[in-house]
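Peer 1: pasted the sequence and its predicted model underneath.
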Amino acid sequence: MEPTAPKAARVVGRVLDRLYPAPPIPLDHHDPYTLLVAVLLSAQCTDARVNQVTPLLWATFGDTPEQLAATEVDAIREIIKPCGLSPAKSRAIQGLSRILLDLHDGKVPADFAALEALPGVGHKTASVVMSHVFGVPAMPVDTHIHRCARRWGLSDGSSVVRTESDLKSLFPASRWNNLHLQIIHFARAHCPARGHQPQTCPICSALSAKGLPVSD
Ligand code: SF4
């Protein structure tokens, strides 16, 4: 990590707090299970698309592990097709629903290892569920957070594992859950992978004003 990273983190944190004092969770859900399924569906798909699909999924088959465990994979697949990767995602939804019933009393477990043992659930998905459902400090790193952390000099961009550990060391645990939402909202509004506008952008202009490096 660059020696300037702690100073950059303070600047980034201040701007994000001003712009997004109470960032909402972008995936619509109404309980731990519906958030888990929504996060699973969001892999390589936009949250907006997931939010279009999940109401139909719940309305057609139900919104509980019991109901989706009893639904044919092909039927789930038809509904979730717009989210992409539908063969794997539909198998995962039915499979994890069955495991929740068999091993966890039909409930989403508040445990990283148990979550990551579910089909279709990796460390990022488990982190989103742990942070937003159970309030456990976590730092789910998606493509937006990975890109922004590198551009802002908070991490070197070598891997998402590295980005996660660098952000966790730069910010107190009490900030992690809010911070990851703040960065996601900021990245969508200001910091696209291509075609960014440094002149009008609130973060890199603040970093530059402090003499801190920014990357393209
Ligand atoms: S100037 Fe570009 S890289 Fe920096 S925060 Fe703004 S959009 Fe992102």
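Peer 2: Yes, it's here. Numbers count the residues shown, from 1 in each chain.

Peer 1: only C-alpha atoms for contact and neighbour calcs from this point on.
Peer 2: Will do.

Peer 1: and the closest residue to residue 12 other than its chain neighbours, how many neighbours does it have?
Peer 2: The shortest distance from residue 12 to any non-neighbouring residue, by Cα to Cα, 6 or more residues apart in numbering, is to residue 203 (6.3 Å). The number of residues packed near residue 203 is 22, by other Cα atoms under 10 Å.

Peer 1: can you report phi and psi for residue 203?
Peer 2: For residue 203, the backbone dihedrals are phi -90, psi -60 (criterion: degrees, to the nearest 10).

Peer 1: now do the contacts for it.
Peer 2: If you count contacts by Cα atoms under 8 Å, 6 or more residues apart in numbering, residue 203 has them with 11-12, 15.

Peer 1: how close does it get to residue 48?
Peer 2: Plainly put, residue 203 is 25 Å away from residue 48 if you go by Cα to Cα, to the nearest Å.

Peer 1: run through the helices of the protein in chain order.
Peer 2: Ranges of helices in the chain, per DSSP state H, are 5-19, 32-41, 47-61, 65-69, 73-80, 86-103, 112-116, 123-132, 143-151, 160-170, 173-190, 202-209.

Peer 1: format these as TSV; extra columns: distance to the ligand and mean pLDDT.
Peer 2: Shown next, in TSV, are the helices of the chain (distance: least, Cα to the nearest ligand atom, whole Å; pLDDT from 0 to 100):
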stretch	distance to the ligand	mean pLDDT
helix 5-19	9	97
helix 32-41	24	97
helix 47-61	20	98
helix 65-69	40	98
helix 73-80	32	98
helix 86-103	31	98
helix 112-116	31	97
helix 123-132	22	95
helix 143-151	5	94
helix 160-170	16	96
helix 173-190	5	95
helix 202-209	4	92
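
Peer 1: list the residues that contact residue 149.
Peer 2: 155-157, 163, 167.

Peer 1: mind redoing it with 10 Å?
Peer 2: Contact partners of residue 149, counting by Cα atoms under 10 Å, 6 or more residues apart in numbering, are 5, 9, 12, 141, 155-157, 160, 163-164, 166-167, 183, 215.

Peer 1: so how do I select the buried members of those in PyMOL?
Peer 2: Entered in PyMOL, the line below selects the buried ones among the contacts of residue 149, by 16 or more other Cα atoms under 10 Å:
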select buried, resi 5+9+12+141+155+156+157+160+163+164+166+167+183
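
Peer 1: kind regards, and thank you for your time.
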